[in-house]
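[1] sequence and predicted structure, then a few things I'm wondering about:
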Amino acid sequence: MEEKKNRVRKIIYRDSIILLAGILYAVFVRLTGLAVPCIFRALTGWQCPGCGITRACLSLLKGEIRTSFSYNPFLYIAGPCIIYLIVRGDLNYIKGDAYRLGTADTVLIYILIMAALIFGVVRNLL
């Protein structure tokens with residue numbers, strides 16, 4: 001039982017650090033207008049599948065869902081799937097299992113990778 005509590009604490013600690021980093025980054029971007037540039041876009045002039053995520057998240061924080069979606073619609077597909085995979089892994093970790101992926105989870109990851117590649121190509125052609 002103590003081991004489960006320690007594992008839950010580790011997950012809460014990790015998620016708190018990630019959340020704090022996200023909040024600090026959002027505040028920094030809002031105050032300065034500076035964001036991490038996309039290296040792919042700088043080199044090629046094309047948008048990568050992740051381009052627009054910062055603007056999408058900032059718009060979402062302001063409640064501007066349509067604007068957020070327009071910056072990166074793929075985020076609305078991939079985001080929930082990634083959260084599912086993380087939560088599933090965390091629950092396995094809490095139960096004492098390893099961070100092992102099931103067959104369905106592995107297939108989901110491959111589908112997400114393929115969808116990201118397709119989205120990256122399509123968004124640059126349109």
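    Sure, I can see it. Numbering: from 1, shown residues only.
[2] tell me the centre residue of this protein?
    Nearest to the geometric centre of the chain sits residue 79, at 5.4 Å (Cα atoms, centre = their mean).
[3] show me the longest helix that occurs in the protein.
    For the chain, the helix that runs over the most residues, judged by DSSP state H, is helix 2-32.
[4] which strand or helix spans the residue nearest to the centre of the chain?
    Assigned by DSSP states H and E, residue 79 belongs to helix 75-95.
[5] let me see the mean pLDDT of that helix.
    Helix 75-95 carries an average pLDDT of 93.
[6] which parts of that helix are buried?
    Across helix 75-95, burial judged by 16 or more other Cβ atoms under 10 Å covers 75, 78, 85, 88, 89, 90, 93, 94. For glycine as for every other residue, the C-beta is placed from the backbone atoms N, C-alpha and C.
[7] ok, residues contacting it?
    For helix 75-95, contacts defined as Cβ atoms under 8 Å, 6 or more residues apart in numbering pick out 4, 7-8, 11, 52-53, 56-57, 68-69, 98-101, 105, 108-109, 112, 115-116.
[8] now list the buried members of those residues.
    Neighbour-count burial (16+ other Cβ under 10 Å) applied to these gives 11, 52, 53, 56, 57, 68, 108, 112, 116.
[9] before we move on, the earlier item: and the gap between the residue nearest to the centre of the chain and residue 96?
    Residue 79 sits at a distance of 28 Å from residue 96 (criterion: Cβ to Cβ, to the nearest Å).
[10] quick one: which of the buried residues of helix 75-95 is nearest residue 120?
    residue 78 (11.8 Å; Cβ to Cβ).
[11] what separation do you get for that closest one and residue 5?
    Noted for residue 78: a distance of 32 Å to residue 5, by Cβ to Cβ.
[12] follow-up on the earlier one: any idea which of the buried ones among the contacts of helix 75-95 is closest to residue 26?
    residue 57 (7.0 Å).
[13] show me what contacts that closest one?
    Residue 57 sits next to 22, 26, 68, 75 when contact means Cβ under 8 Å, 6+ apart.
[14] can we see that at 7 Å?
    For residue 57, the contacting residues are residue 26, by Cβ atoms under 7 Å, 6 or more residues apart in numbering.
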